[in-house]
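Visitor: Show me how the following folds:
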Amino acid sequence: MAGFRRQPAPEPERRQGIAENGLPFESVWDYPRPPAILPEPRQVLVKALDATIASSERALRVCETAGAPVVYIPEADLNAGFLLPASGGGSFCEWKGAAVYLDVNVEGQVIRRAAWTYPRPSPGFEKLAGYVAFYPGLVECRLAGETVSPQPGGFYGGWITAEITGPVKGTPGSEGW
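Guide: Numbers count the residues shown, from 1 in each chain. So this is what the prediction gives:
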């Protein structure tokens, strides 16, 4: 591709000790590729327009090199009636497969493509079937009461909390990481 120059990966931030949320610092550059699916033991809360969309203590998180963890909530822990199929297609992840997007609808106010799911995940990622992830840049997401910051750039759905160190992909120039 003419004009595209792969950017070298930046030097990871290596912080020692405990973050303000009481957890040890965790560098996204220590996450594996392909990604790992891990239990998320913290209380997960997703809200939109003051409505509780989901609350779970059985979530999973997907950790992939250079990306903030993405939290997936079991469908059984979603409050009924808030999610609708989104129009406009899906996306494809080289690891997880074909994603289907969902709109959040609270009393007729629609937040477009605020969530996604993998109805038929690729081999190795079957655990994600029946789970939904949310973009923290579009809805309020919390882990153990801590408000989550969105991963930069708007494409990735990573959840950044106090213990996460980077740099995290998503900013301009990070496409080749």
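Visitor: Quick one, grab the pLDDT at the most centrally placed residue in the chain.
Guide: Geometric centre of the chain, nearest residue: residue 70, 2.6 Å, by CA atoms, centre = their mean. Residue 70 carries a pLDDT value of 98.
Visitor: cool, and residue 140?
Guide: 98.
Visitor: Let me see the confidence value for the closest residue to it other than its chain neighbours.
Guide: Nearest residue to residue 140, sequence neighbours excluded (CB to CB, 6 or more residues apart in numbering): residue 47, at 4.4 Å. Backbone N, C-alpha and C define where each C-beta goes, glycine included. At residue 47, the model reports a pLDDT of 98.
Visitor: Give the burial count for residue 47, as a bare number.
Guide: For residue 47, the count of nearby residues is 17 (other CB atoms under 10 Å).
Visitor: quick check, it in a strand?
Guide: Yes: according to DSSP: H, G, I helix; E, B strand; the rest coil, residue 47 belongs to a strand.
Visitor: so which strand or helix has residue 132?
Guide: strand 131-134 (DSSP states H and E).
Visitor: and that strand, how far out from the chain's middle?
Guide: 8 Å (CA atoms, centre = their mean, to the nearest Å).
Visitor: residues touching the residue nearest to residue 140, list them.
Guide: 53, 139, 140, 142 (CB atoms under 8 Å, 6 or more residues apart in numbering).
Visitor: Based on its surroundings, how many neighbours for the nearest residue to the last one once chain neighbours are set aside?
Guide: Beyond its immediate neighbours in the sequence, the residue positioned closest to residue 142 (CB to CB, 6+ apart) is residue 45, lying 4.3 Å away. By other CB under 10 Å, the residues close to residue 45 number 19.
Visitor: picking up where we left off before, distance check, the residue nearest to residue 140 against residue 141.
Guide: Going from residue 47 to residue 141 by CB to CB, to the nearest Å gives 8 Å.
Visitor: do the same with residue 13
Guide: 23 Å.
Visitor: neighbour-wise, which of these two wins?
Guide: residue 141 (27 against 14).
Visitor: ok so, going back, got a list of contacts for the strand holding residue 132?
Guide: By CB under 8 Å, 6+ apart, the residues outside strand 131-134 that reach it are 46, 53-54, 59-60, 70-75, 78, 83, 102, 104, 114-118, 141, 157.
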